[in-house]
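Asker: Give me coordinates for this.
(chains A, B, C and D, ligands or ions: 4)
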Number of protein chains: 2
Amino acid sequence: MQSYTEENYLKIIYHLSEISNPVLTNAIAERIQTKAASVTDMIKKLSEKELVNYVKYQGVTLTEKGKLTAINIVRKHRLWEVFLVDKLNFKWDEVHDVAEELEHIQSNLLVERLDEFLDFPRVDPHGDPIPDKYGNFAELAFVKLSKLNSGDKGTITGVSEHSSAFLKHLEKLGLTLGKRIEIIEVLEFDGSVELLAEQQKTNISREVAKHILITKN
Amino acid sequence: MQSYTEENYLKIIYHLSEISNPVLTNAIAERIQTKAASVTDMIKKLSEKELVNYVKYQGVTLTEKGKLTAINIVRKHRLWEVFLVDKLNFKWDEVHDVAEELEHIQSNLLVERLDEFLDFPRVDPHGDPIPDKYGNFAELAFVKLSKLNSGDKGTITGVSEHSSAFLKHLEKLGLTLGKRIEIIEVLEFDGSVELLAEQQKTNISREVAKHILITKN
DNA sequence: TTTATTGTTTAGACAAATCTAAAAATTTAT
DNA sequence: ATAAATTTTTAGATTTGTCTAAACAATAAA
Ligand SMILES: [Mn+2]
Ligand SMILES: [Mn+2]
Ligand SMILES: [Mn+2]
Ligand SMILES: [Mn+2]
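Answerer: Numbering: from 1, shown residues only, chains lettered A, B, ... in the order given. Ligands and ions are numbered 1, 2, ... in the order given. Predicted coordinates:
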């Protein structure tokens, strides 16, 4: 079994390796809110346990074992988020910190029963896919809203930024999961997007558009 | 805020002080599965934080602050147990270890929403009372089954022993919460009890009878 | 009322996770 | 290619919770 802290490291290495592989020490330090020296220590320990492959000065990659462990934590995190939103009426910007703790509860029975209780959800409240118990993700066909052109239509199915500030902003604009949108125009000079959501005309910055995920249809 | 470990100490001191006050070092050591020396160290720390009053060689008592903290952990523990049994179909002998972890999740919003979601339960799956958010317990009128005499009737409303072995044993005998029972006879020579539960005649040892709580009616 | 026995505390050590400061390696710039 | 800047690692220290072994107190027995 891994400690709470080791699990957090594994999960963050997992997420970072979607962006760059191998994952660099400083990248981990920044995300985990700690110092590079501490990261090096922990990396050595995870390497001892064969959860990561580590090459000095080069960075880390997850081993198969490490990856499976990380995915399981992601699974738990996202299932708990669904629980909080669907059953306890949390808002989508309120769930992250609590799920950050709940993801470490050790009980396979609990996870499987929770999954069943929630009716086997495939995505969490931010549109992120929930892996099954074997670690397999259902592939979801997303495209960033910022990649669309005028006339394109689709449904908001996810976000790639989870800060409370961002989520509350979308809430205010009425741009929540499941909403259908249509692009009116992409402004040339700043890349901001004019769109229609529920008969409502709205303008969002390119920065915001980059973090909204759309299923075209 | 207290650490996970400090919370476990406070909760155990709380439970033990129902039996003896002040609570002795060795009693804590036994319950928390650690050595007396470690308990002394922790007690000093809790005393520093004014969560317990400590007199060397005498033992500890909880301060008002410590007691409220402990009751809040008990509240969370029992609410989670209800959740596991009522919503996730855990058996009453399967919930303890998971609740032991879940009780440490830090979020008042979570606890209050969970309470509401569970419809404000007053007792947990073992018949133990759940304090409200201010730390008040609804007084429940229990009597040990071992105190009853032949002819007495009542309902099983709690147990005072939570081991999986004991709970499974009761399950097998059909002596679960809510079952109505009637005492046929209390055997003189060993104190064992012959009783009727759902038309079924059963004999239980005095030891078992001492841990079953009855509401007479 | 000395002597055992038991219970509790202290002293000193250790593992886990963290830090600061300094050294070493790598990358970038000149 | 050499120097400068950046990144990463090491060395040594700190905090938290634990341990063993030894000292000390309180209680029970002789
Ligand atoms: Mn976490
Ligand atoms: Mn999420
Ligand atoms: Mn606990
Ligand atoms: Mn219980």
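Asker: contacts, neighbours, all on C-alpha from now
Answerer: Fine.
Asker: Tell me the buried residues in stretch A:170-189?
Answerer: A:Leu170, A:Leu175, A:Thr176, A:Leu177, A:Arg180, A:Ile181, A:Glu182, A:Ile183, A:Ile184, A:Glu185, A:Val186 (16 or more other Cα atoms under 10 Å in any protein chain shown).
Asker: quick one: average pLDDT of that stretch?
Answerer: Taken as a whole, stretch A:170-189 carries a mean pLDDT of 93.
Asker: what about it, start to end distance?
Answerer: Stretch A:170-189 has an end-to-end distance of 23 Å (Cα to Cα, to the nearest Å).
Asker: show me where chain A has strands.
Answerer: A:52-55, A:59-62, A:143-144, A:153-159, A:180-186, A:193-197, A:200-204, A:212-216 (DSSP state E).
Asker: the domain parsing of chain A - what is it?
Answerer: Annotated domains of chain A cover A:4-62, A:143-216 [automatic domain parsing].
Asker: Turn the buried residues of stretch A:170-189 into CSV, including distance to chain B.
Answerer: Converted to CSV, the buried residues of stretch A:170-189 look like this (distance: Cα to the nearest Cα, whole Å):
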residue, distance to chain B
A:Leu170, 23
A:Leu175, 25
A:Thr176, 23
A:Leu177, 23
A:Arg180, 31
A:Ile181, 33
A:Glu182, 37
A:Ile183, 38
A:Ile184, 40
A:Glu185, 41
A:Val186, 41
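Asker: so which of the residues you listed would you say is closest to B:Thr202?
Answerer: A:Leu177 (57.5 Å; Cα to Cα).
Asker: Longest helix in chain A, please.
Answerer: Once chain A is assigned using DSSP state H, the helix that runs over the most residues is helix A:64-82.
Asker: tell me what the worst-scoring helix or strand of chain A on mean pLDDT is packed against?
Answerer: Least confident helix or strand, chain A: strand A:143-144 with a mean of 88, by mean pLDDT, DSSP states H and E. Contacts defined by 3 or more Cα pairs under 8 Å, 6 or more residues apart in numbering or on different chains; DSSP states H and E place strand A:143-144 against strand A:212-216.
Asker: got a list of contacts for the strand it packs on?
Answerer: A:141-146, A:152-160 (Cα atoms under 8 Å, 6 or more residues apart in numbering or on different chains).
Asker: Just the buried residues of those.
Answerer: A:142-146, A:152-159.
Asker: give me the subset of those touching DNA strand C.
Answerer: When contact is defined as Cα under 7 Å from any atom of the strand, the buried ones among the contacts of strand A:212-216 do not meet DNA strand C at all.
Asker: Quick check: the two most widely separated of those residues?
Answerer: Pairwise distances across the buried ones among the contacts of strand A:212-216 peak at 18.3 Å for A:Asp152 and A:Val159 (criterion: Cα to Cα).
Asker: Now the residue nearest in space to the middle of chain A. Its backbone dihedrals?
Answerer: In chain A, the C-alpha nearest the mean C-alpha coordinate belongs to A:Asp128, at 5.5 Å (Cα atoms, centre = their mean). Backbone torsions of A:Asp128, given as degrees, to the nearest 10, read phi -80, psi 140.
Asker: which residues does the nearest residue to A:Lys67 once chain neighbours are set aside contact?
Answerer: If the residues on either side of it in the chain are set aside, A:Lys67 comes closest to A:Tyr14, at 6.8 Å by Cα to Cα, 6 or more residues apart in numbering or on different chains. By Cα under 8 Å, 6+ apart, A:Tyr14 lies in contact with A:Leu62, A:Lys67, A:Ala70, A:Ile71.
Asker: change it to 10 Å
Answerer: A:Asn8, A:Asn21, A:Val23, A:Thr61, A:Leu62, A:Gly66, A:Lys67, A:Leu68, A:Thr69, A:Ala70, A:Ile71, A:Val74 (Cα atoms under 10 Å, 6 or more residues apart in numbering or on different chains).
Asker: next one: A:Asp132
Answerer: Contacts of A:Asp132 by Cα under 10 Å, 6+ apart are A:Ile71, A:Asn72, A:Arg75, A:Glu112, A:Asp115, A:Phe120, A:Pro121, A:Arg122, A:Ala138.
Asker: Pick out the lowest-pLDDT one from the contacts of strand A:212-216.
Answerer: Ranking the contacts of strand A:212-216 by pLDDT, A:Ala141 lands last with 83.
Asker: Please name the residues that touch it.
Answerer: A:Thr157, A:Leu213, A:Ile214, A:Thr215, A:Lys216.
Asker: Report the spatially nearest residue to A:Ile73, omitting neighbours in sequence.
Answerer: Distances taken as Cα to Cα, 6+ apart place A:Glu103 nearest to A:Ile73, at 5.8 Å, with adjacent residues excluded.
Asker: The one you found - how many residues pack around it?
Answerer: 22 (other Cα atoms under 10 Å in any protein chain shown).
Asker: My read is that it contacts A:Val95, right?
Answerer: No - assessed by Cα atoms under 10 Å, A:Glu103 is found out of contact with A:Val95, at 11.8 Å.
Asker: which neighbours do the two share?
Answerer: The contact lists of A:Glu103 and A:Val95 share A:His77, A:Arg78, A:Trp80, A:Glu81, where a contact means Cα under 10 Å, 6+ apart.
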